[in-house]
Structure formats: structure tokens, C-alpha cells
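Peer 1: sequence and computational prediction follow.
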Amino acid sequence: MNTDPEQEVMLTVRNQPDDRTWKSCCLVINKYAVVFFAQLSITLIVMSFSIYMLLNSTSCEHDTMYSGLLSMCIGVWIKSPSISKK
């Protein structure tokens, strides 16, 4: 039985499990969405804490740590500039 090599590749791809989803006992969820929202929530917690500590600071000794945390979180989410070649 001769089959087309392209057809064999398609059958192999269809038989492989989908690595973009996580399956649990009661739900199937996109793993990229879980990772994104976990990163977003941790970043928002760190940013909120840093802003709170900067606003309620009485001395400037520890302000550099909180401003550094705040700028790091902002820098992680802002896309770096790139030169596009046309």
C-alpha cells in the first residue's frame, strides 16, 4: 500500500496531542492564556505594592528599590523598538 508522503505527515500531525491546551479533570484551558494572566496579575501586584510604598514613604532611603521594581515591570511589558526592513 503506497501512500503519499504528504498524507503521512498530515496523519502524523493529527495524531499528536495538542500542546497548546492543558487538560484537567473538569476543564480544558489554553496554556498561553494561563501564563499570560499569571504574569499580568503578578506584575500588577508588584506595581501596586511599589506605588503604594512610594506614595507612603517618609524617607528616600528605600525609594530606589521600589522605583526600580516599578520601572522593571513597565520595561518588561513595553515592547522594545526595532528597525523594520522593508
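Peer 2: Received it, and whenever you're ready, just let me know what you need. Numbering: from 1, shown residues only.

Peer 1: what comes up buried for stretch 67-78?
Peer 2: Neighbour counts over stretch 67-78 (16 or more other Cβ atoms under 10 Å) mark Leu69, Leu70, Cys73 as buried. In short, each C-beta sits where N, CA and C put it, glycine included.

Peer 1: now, which of those sits nearest Arg20?
Peer 2: Cys73 (26.8 Å; Cβ to Cβ).

Peer 1: which residues sit in contact with that closest one?
Peer 2: With Cβ atoms under 8 Å, 6 or more residues apart in numbering as the criterion, the residues that contact Cys73 are Thr43, Val46, Met47, Ser50.

Peer 1: nearest to Ser59, of those residues?
Peer 2: Set against Ser59, the nearest of those by Cβ to Cβ is Ser50 (15.9 Å).

Peer 1: mean confidence for the helix or strand hosting that closest one?
Peer 2: Ser50 belongs to helix 31-55 when assigned by DSSP states H and E. pLDDT averaged over helix 31-55 equals 92, rounded to a whole number.
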